[in-house]
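Visitor: prediction below, plus the sequence it came from.
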Amino acid sequence: MKPVLYYIHDPMCSWCWAFSRVYAELRTALADRVTLIELLGGLAPDTDQPMPEDMQQYLQQTWHTIEQRVPGVHFNFDFWTQCRPLRSTYPACRAVIAARQQGQHYSAMMTEAIQRAYYTEARNPSEHRVLVQLATEIGLDVTQFSDAIASTTTRQQLQAEIEQSRAMNIDGFPSLLVDVEGSRWRIPVDYNNAAPMLELIKQLLEE
């Protein structure tokens, strides 16, 4: 059985945005050696309440920290003045699942579109209208997408992925886990260099 590389993430997780470039390198380098399974961990459930001020300050500080620690990663802080922040990432997670239903490649495209909108364009992917705009921008059938994002099936799929990640004792995003014939190993995430992760994963695959 082919080894599995699990990637557990949330499209509105700022550290996942920080990891996106290195993760793309990792994904490309291992494409022929592992089956990649991406699970949506679901950071924050649905709400229509404004994000508390202390949470807004905490996230802005996180953005500053990432810019200092991960060269080349930048954030558009206009988001915090131009949008109405909500502590709700489940809609964006469901958008990735709804996009995936029109073709596996749309999963990564929607994730990237959400990250681009949130972190560089000061648009709010917690809002349904923004997710529909993004679906249009990446070439999805928007009617099908709108139906899917609100469907019970999509909600159940997100819950299943959240429960699967919790069953693997995943408590933060992004997370990487390799499964070789039922044995599982956590891979420490390196935000600046794919090489150490690749070396460790290849060692595990060869044991």
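Guide: That came through, no problem. Every value quoted in this text rests on a predicted model; they were computed, and no experiment measured them.

Visitor: tally of neighbours for the residue lying closest to residue 120 once chain neighbours are set aside?
Guide: Spatial nearest neighbour of residue 120, chain neighbours left out: residue 76 (5.2 Å); criterion: Cβ to Cβ, 6 or more residues apart in numbering. C-beta: built from backbone N, CA, C; applies to glycine. Residue 76 has 15 neighbours, counted by other Cβ atoms under 10 Å.

Visitor: just the element for residue 76, please.
Guide: Secondary structure assignment for residue 76, by DSSP states H and E: no helix or strand.

Visitor: give me the distance between it and residue 152.
Guide: Noted for residue 76: a distance of 35 Å to residue 152, by Cβ to Cβ, to the nearest Å.

Visitor: please apply the same query to residue 100.
Guide: The value you get for residue 100 to residue 152, if Cβ to Cβ is used, is 16 Å.

Visitor: looking at the two, which is more packed in?
Guide: residue 100 (21 against 7).

Visitor: the more buried one touches residue 111, doesn't it?
Guide: No: assessed by Cβ atoms under 8 Å, residue 100 is found out of contact with residue 111, at 9.7 Å.

Visitor: hang on, the earlier thing: the residue nearest to residue 120 touches residue 121, doesn't it?
Guide: Yes: counting by Cβ under 8 Å, residue 121 is a contact partner of residue 76 at 6.6 Å.

Visitor: overlap in contacts, those two.
Guide: Common neighbours of residue 76 and residue 121, using Cβ atoms under 8 Å, 6 or more residues apart in numbering, do not exist here.
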